[in-house]
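Engineer: Mind looking at a prediction? Sequence and model below.
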Amino acid sequence: ICLKWVDRRGMVGHFTGEVNSMIQPHGKGILVYENGLVLDCNWCNGTPSAGSTPSAGINDDTAATSQKEHAAVVSEEKSNQF
């Protein structure tokens, strides 16, 4: 699933990954902030795992693929809004 997400600091991004029944990030997922930072971690009821820190880039092929898939979904969502 891909959804718009606002973290506890008020930073906005798009989350791609597993969610719980309340549609909160839960399990493995990636949050790509609007400013370009990426948070790739495990989530528990909308909260990233302890010690998770956004990075300025993506370091492995799996995450890069996920970011490309995320970008395609976001692009599709934007085109459907008009």
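Structural biologist: The structure has been received and is ready for your questions.
Engineer: Kindly format the C-alpha coordinates of the helix or strand harbouring Lys4 as CSV.
Structural biologist: Assigned by DSSP states H and E, Lys4 falls within strand 2-6. Extracted as CSV, the C-alpha positions of strand 2-6 are listed here (Å, rounded to 0.1, in the frame of the first residue of the first chain):
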residue,chain,number,x,y,z
CYS,A,2,1.1,3.6,-0.6
LEU,A,3,-0.2,6.4,1.5
LYS,A,4,0.5,9.9,2.5
TRP,A,5,2.0,10.0,6.0
VAL,A,6,2.9,12.8,8.5
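Engineer: Check which residues of that strand are buried.
Structural biologist: Neighbour-count burial for strand 2-6, counted by 16 or more other CB atoms under 10 Å, picks out 2-3, 5. Placement of C-beta: from N, CA and C, glycine included.
Engineer: That strand packs against which elements?
Structural biologist: Judged by 3 or more CB pairs under 8 Å, 6 or more residues apart in numbering; DSSP states H and E, strand 2-6 is in contact with strand 12-19, helix 61-80.
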